[in-house]
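Novice: sequence first, then the predicted structure, then my questions.
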Amino acid sequence: MRIIKADHYDQMSRIAANHIAAQIILKPDSVLGLATGSSPIGAYQHLISMYQAGDLDFSNVTSINLDEYKGLSPKDDQSYRYFMNTHLFDHININKAKTYVPDGLEADPQKACKDYDKIIENCGGIDLQLLGLGNNGHIGFNEPADAYAKGVHCVDLTQSTIEANSRFFDSFDKVPKQAYTMGIGSIMQAKKILVIVSGGAKAGILKEAFFGPITPKVPASVLQLHNDVTVIADQEAAALLDQ
Ligand code: GLP
């Protein structure tokens, strides 16, 4: 595992964007595993700037997002499909037909999960998986549990995740309580993993995830077993790593 310490959020974002850009330049038909949340927004902005400067071509890239809220339509401005369109896809030359996000409107969880597992399989594996880190150590929406879930599954979000996500919604009642997420198995099969972590609130969980015991109670801790993980943390998030 490599840990890169950035001075601040923008530097973290720039470094992350450079890693993603390098992946696309070296393999123009890369399959990127993408994430939502506040952490990747800056990296997406840098990727858009590189595209606008003519330095990056997304036309052969495929993307597979980690997760989606169950029950939200792609048109809902809180859905992760909407997030990806507005923060990245609408501003680059990616073929939208090759950008995948779980179908939040599929009411049958078994079908939704099977369909998305098939999509991941058909893409031939993820070259680079971008991850944020949830306050409780979740990755994608793999919440702390007694065991790791392998494939795509439907999750009951924990109270702490619902509370953390409520900052994006008008009211607490509107925050979805369930989501479809890629499993730990799918994430761990990615060839490279890039984790971005920002802010003092994540300092404790960052240390626990990468230097504590490997346990499904801290889902991100499983990344210690992956052989190509790069963590990019800003100064505040990295504050406890030297202790
Ligand atoms: C959500 C997403 C995760 C993300 C996490 C952290 O739960 N499902 O993929 O990593 O939030 O978000 P943030 O980057 O806003 O802290």
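Specialist: Arrived safely, thanks for sending. Numbers count the residues shown, from 1 in each chain.
Novice: if I look at the closest residue in space to residue 160 that isn't next to it in sequence, how far off is the ligand?
Specialist: Closest residue to residue 160 apart from its sequence neighbours, by CB to CB, 6 or more residues apart in numbering: residue 136 at 5.2 Å. For every residue, glycine as well, the C-beta is placed using N, CA and C. Computed as CB to the nearest ligand atom, to the nearest Å, the residue 136 to the ligand distance reads 9 Å.
Novice: assign a three-state SS to residue 136, would you?
Specialist: Three-state call for residue 136 (DSSP: H, G, I helix; E, B strand; the rest coil): coil.
Novice: so who does it touch?
Specialist: 143-144, 158, 160-161, 205, 218 (CB atoms under 8 Å, 6 or more residues apart in numbering).
Novice: what's the answer for residue 120, then?
Specialist: With CB under 8 Å, 6+ apart, residue 120 has these contacts: 64, 126, 152, 182, 186.
Novice: didn't residue 106 look like it was pressed against residue 114?
Specialist: No - Residue 106 lies out of contact with residue 114 (CB atoms under 8 Å); the separation is 9.9 Å.
Novice: looking at those two, which is more packed in?
Specialist: residue 106 (19 against 14; other CB atoms under 10 Å).
Novice: next up, the contacts around that one.
Specialist: Contact partners of residue 106, counting by CB under 8 Å, 6+ apart, are 112, 115, 180.
Novice: repeat that for residue 30.
Specialist: By CB under 8 Å, 6+ apart, residue 30 lies in contact with 23-24, 61-62, 127-128.
Novice: and it, how far is that from residue 123?
Specialist: Applying CB to CB, to the nearest Å, the value for residue 30 to residue 123 is 10 Å.
Novice: shared neighbours of these two, anything?
Specialist: residue 62.
Novice: among the contacts of residue 136, the buried ones, what's the PyMOL command?
Specialist: A single PyMOL command selects the buried members of the contacts of residue 136 (16 or more other CB atoms under 10 Å):
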select buried, resi 143+144+158+161+205+218
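Novice: show me which of the contacts of residue 136 is closest to the ligand.
Specialist: residue 161 (5.7 Å; CB to the nearest ligand atom).
Novice: give me the phi and psi angles of the closest one.
Specialist: phi -70, psi -40 (degrees, to the nearest 10).
Novice: test my guess that it contacts residue 134.
Specialist: Yes - using CB under 8 Å, residue 161 makes contact with residue 134 at a distance of 6.1 Å.
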